[in-house]
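Colleague: got a structure for you, letters missing:
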């Protein structure tokens, strides 16, 4: 009787162990999609125009995204035509994207190495024509995959700033969201 129970138990265990070793495979699809590369092209540089500053009082020149200059304190504007930095953006139709503008730009006068800074960057786009802070900005490409960015900011001028042409570079970066 003991031999019968042991044999039945062994057969029973073999049945379970063969089920435990059974294997099932599922065939799954993997995919990816390539979209149009996002590009940005400068169409106009940032130019605050000509201005003078008092010897004892500095100030600022604020350039709106509508290319309107507003002086403060000791800055006096001279007749000249300012320009906003402007960019054409192309990419995937109706895609949203992030815009990053350097928050502070240093412009330098050659030889003497005098400097001024530009900050408080503002922008507007064709998709969102309201002027807003450039920090954390986003926009949406049109149904044909295009948009236009306009950038302005605030030029900080020190009292008695040395006369001359000041220039520098800054980055504007776009990336899909």
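Modeller: The structure has been received and is ready for your questions. Being a predicted model, the structure only gives us computed values, none of them experimental.
Colleague: quick one, strands of the chain?
Modeller: For the chain, the strands defined by DSSP state E occupy 39-44, 51-53, 59-63, 69-73, 75-77, 85-90, 96-101, 105-108, 115-125, 132-133, 137-140, 146-157, 172-176.
Colleague: could I get those strands as JSON lines with mean pLDDT and distance to residue 23?
Modeller: Heads up, the C-betas are built off the backbone N, CA and C, glycines and all. Shown next, in JSON lines, are those (pLDDT from 0 to 100; distance: least, CB to CB, whole Å):
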{"stretch": "strand 39-44", "mean pLDDT": "98", "distance to residue 23": "50"}
{"stretch": "strand 51-53", "mean pLDDT": "96", "distance to residue 23": "79"}
{"stretch": "strand 59-63", "mean pLDDT": "98", "distance to residue 23": "69"}
{"stretch": "strand 69-73", "mean pLDDT": "97", "distance to residue 23": "74"}
{"stretch": "strand 75-77", "mean pLDDT": "96", "distance to residue 23": "78"}
{"stretch": "strand 85-90", "mean pLDDT": "98", "distance to residue 23": "51"}
{"stretch": "strand 96-101", "mean pLDDT": "98", "distance to residue 23": "45"}
{"stretch": "strand 105-108", "mean pLDDT": "98", "distance to residue 23": "63"}
{"stretch": "strand 115-125", "mean pLDDT": "98", "distance to residue 23": "55"}
{"stretch": "strand 132-133", "mean pLDDT": "96", "distance to residue 23": "58"}
{"stretch": "strand 137-140", "mean pLDDT": "97", "distance to residue 23": "48"}
{"stretch": "strand 146-157", "mean pLDDT": "98", "distance to residue 23": "53"}
{"stretch": "strand 172-176", "mean pLDDT": "97", "distance to residue 23": "41"}
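Colleague: Compare those and give me the one nearest residue 28.
Modeller: Smallest distance to residue 28 across the strands of the chain (CB to CB): 26.6 Å, for strand 172-176.
Colleague: Residues touching the closest one, excluding its own?
Modeller: 35, 38, 40, 42, 85, 87, 89, 91-92, 95-102, 149, 151 (CB atoms under 8 Å, 6 or more residues apart in numbering).
Colleague: Which of the residues in that strand are classified as buried?
Modeller: For strand 172-176, a neighbour-count test (16 or more other CB atoms under 10 Å) marks 172, 174 as buried.
Colleague: partners of that strand in the sheet?
Modeller: Each strand paired with strand 172-176, and its direction, by DSSP bridges: strand 96-101 (antiparallel).
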